[in-house]
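Student: coordinates only, sequence not included:
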């Protein structure tokens, strides 16, 4: 009865949801729909993994998914596999998250009138995917370092020789990656059970029969330290996604009643697609105030008053201190590690198949700059390339791609598909539009230009080239943004492709590097906000007081030996910068007193530190009420 009572409360909660609860546009510029905090449990707090929603879960942050409702920006969604969906009984669930070293605890509370399953496409299931920590960012390792936890009632699908149907009342199977899977729980090894424990209670009935149920509650305990993280030190960002399968009435005598729907947060499968972000910070606990908002990945500064951008391929007019700047280079693993959010896992480099993978001696490298005015986003890309090459016969070419996600919902699956804006170097040394840029430059008002660096001669391998530069003007209206820019959130990414040819054609190769987005489709854009212009050095500009406290990152990153750590505060405060090494040991503390509200920065000098990855955090003490706030933890890379 206690279990039924808990679920009836949850069922009433579901029934009371109106459609506008799901995935509202983020009216708060700092709000995110692709991320939440996993709160740290304190002291003796714990979760008993038994499939019962205990009181501790009331302290957890949650995400709600539902068929025909999930429209979370920018990649979550839903789809229909079979039959006609039933309102209120089609892949509807709440997911909650808690942490206590070394485990993440996840609870799923699911509304479902037909619990269980049979064969593929006929079962209830949860696919959970974590991206494991990796120090190497090449595509092969990035693909292999995913960890699937597939929790399913698909007995007939998983073990067709042993099960012609699913046992009545049986719990789900543990499938997925061999490190955690094993089928029935009693078949699994001790190590598999240590890495993943789960328990499920079916409410109002039992699994795998034709009688009606109310739903199910499932609790999971996953050892995230086994994925390469160590979150009890300073926290981290875990790339994560889950997909909820709901197959109804497959035990009925009539196939006409069969329905199979699916909804997901992040990614529908376990692949290197879009991952949502689980933020873990020791300062965000079960006793912290509700509604703690994860930070955005980056902020794009507005063009300064009186400044303009002429799109001609010449980037000399760009102000380096007033742009979002991101740099990717083939093989630069330390640089990829320094990217914010899930970008450290989604970003990387790849050598494509050509001539049996010869050695890459001049890999792709690009620096993107992004700024905007009230009507347009401006993008520049400076490519360093010693062998600038025109397209080969198979279509490979030197090219730059900027990815931007329009703010229009594609009805039917909840996905906001990206626009792929590619400029390649053509045989005359000018830019040629590819992919979505063709149509947008013809009718959408998008303008682009390419300029070769001085001394660059196409396909001339007798002397090294300098590279080339690209500029784009992207009208917000062409990407379905309102005139007011709405919530000022944009979703972007960048790619550089590099074809190098030599006298010995067997040495020719083709490679790429990317920031957040690896290829067209539903792939991991950065969550970025449009912010005010940065204060110019030596100029007393009137900038608005920030609405919140935010750590805005550091530039340059990587750095040697100094970098500027930028932040915003909305009240006068004392500010303390703490820097930690990768072991969590504090290596530097810098204090500033009576800092005025606004946009500020620390000049951090790493001359006394060794090369490596460092973490940093600000402690903000409000001078009016002595309240102390800790910011998120960010990463920076010192390379000497």
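Tutor: Good, I have the coordinates. In this text, all values refer to a predicted model and were calculated from it rather than measured experimentally.
Student: On the strand side of things, show who the residue nearest to residue 516 when sequence neighbours are not counted bridges to.
Tutor: Distances taken as CB to CB, 6 or more residues apart in numbering place residue 493 nearest to residue 516, at 4.0 Å, with adjacent residues excluded. (Each C-beta comes from the backbone N, C-alpha and C, glycine too.) Counting by DSSP bridges, residue 493 forms beta bridges with residue 403.
Student: Residue 493: how many residues sit nearby?
Tutor: 27 (other CB atoms under 10 Å).
Student: could you list every residue that touches it?
Tutor: Shown in contact with residue 493 (CB atoms under 8 Å, 6 or more residues apart in numbering): 402-403, 418, 514-517, 523-526.
Student: And for residue 453?
Tutor: 465-469.
Student: Give me the distance between it and residue 175.
Tutor: The gap separating residue 453 from residue 175 is 53 Å, by CB to CB, to the nearest Å.
Student: Sketch out the low-pLDDT regions of the stretch 451-600 of the chain for me.
Tutor: Within the stretch 451-600 of the chain, the ranges that satisfy pLDDT under 70 run 520-524, 536-548.
Student: all strands in it, in order from the N-terminus.
Tutor: Counting by DSSP state E, counting those that start in this stretch, one finds strands in the stretch 451-600 of the chain at the ranges 467-475, 489-500, 509-515, 526-531, 550-555, 562-569, 573-581, 586-595, 598-605.
Student: Can you tell me how far residue 392 is from residue 621?
Tutor: Residue 392 is 60 Å from residue 621, where distance means CB to CB.
Student: which of the two has more neighbours?
Tutor: A direct count of neighbours by other CB under 10 Å for residue 392 and residue 621 places residue 621 higher, at 17 against 13.
Student: Does anything pack onto the helix or strand harbouring the more buried one? Which helices or strands?
Tutor: Residue 621 belongs to strand 612-622 when elements are defined using DSSP states H and E. When contacts are defined as 3 or more CB pairs under 8 Å, 6 or more residues apart in numbering; DSSP states H and E, strand 612-622 packs onto strand 550-555, strand 562-569, strand 573-581, strand 628-630, strand 634-638.
Student: So which bits of it are buried?
Tutor: 613-622 (16 or more other CB atoms under 10 Å).
Student: cool, and stretch 569-587?
Tutor: The neighbour-count check on stretch 569-587 (16+ other CB under 10 Å) flags 569, 571, 573-580, 587 as buried.
Student: Contacts for it, please.
Tutor: Contacts to stretch 569-587, defined as CB under 8 Å, 6+ apart, come from residues 233-234, 545-549, 565, 567, 588-598, 600, 602, 604, 609, 612-624.
Student: Buried subset of those, written for PyMOL?
Tutor: A single PyMOL command is used to select the members of these judged buried by 16+ other CB under 10 Å:
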select buried, resi 233+234+546+549+565+567+588+590+595+600+602+604+609+613+614+615+616+617+618+619+620+621+622
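Student: Against residue 210, how distant is the residue of the chain most remote from its centre?
Tutor: Ranked by distance from the centre of the chain (CA atoms, centre = their mean), the top residue is residue 253, with 43.2 Å. Using CB to CB, one gets 8 Å for the distance from residue 253 to residue 210.
Student: first to last residue in stretch 89-107, what's the distance?
Tutor: Terminal residues of stretch 89-107 lie 19 Å apart, using CA to CA, to the nearest Å.
Student: shouldn't residue 311 be in contact with residue 470?
Tutor: No: counting by CB atoms under 8 Å, residue 311 stays clear of residue 470, with 9.5 Å between them.
Student: what about the strands in the stretch 151-300 of the chain?
Tutor: Counting by DSSP E, counting those that start in this stretch, the stretch 151-300 of the chain has strands at residues 173-176, 196-203, 215-223, 236-248, 259-265, 276-280, 298-301.
Student: of all those strands, which lies closest to residue 126?
Tutor: Residue 126 lies closest to strand 236-248 among the strands of the stretch 151-300 of the chain, at 5.9 Å (CB to CB).
Student: tell me the mean pLDDT over that closest one?
Tutor: Strand 236-248 carries an average pLDDT of 91.
Student: in terms of contact count, name the helices or strands touching it.
Tutor: Using 3+ CB pairs under 8 Å, 6+ apart: strand 236-248 touches strand 92-100, strand 103-111, strand 125-131, strand 259-265, strand 276-280, helix 343-346.
Student: Which of the buried residues of strand 612-622 sits closest to residue 157?
Tutor: Nearest to residue 157 among the buried residues of strand 612-622, counting by CB to CB, is residue 613 at 42.5 Å.
Student: is that closest one in a bridge, and if so with what?
Tutor: Beta-bridge partners, per DSSP bridges, of residue 613: residue 637.
Student: confidence score at it?
Tutor: Confidence score, pLDDT, at residue 613: 85.
Student: Residue 99 contacts residue 105, doesn't it?
Tutor: Yes: between residue 99 and residue 105 a contact is recorded at 7.1 Å, counting by CB under 8 Å.
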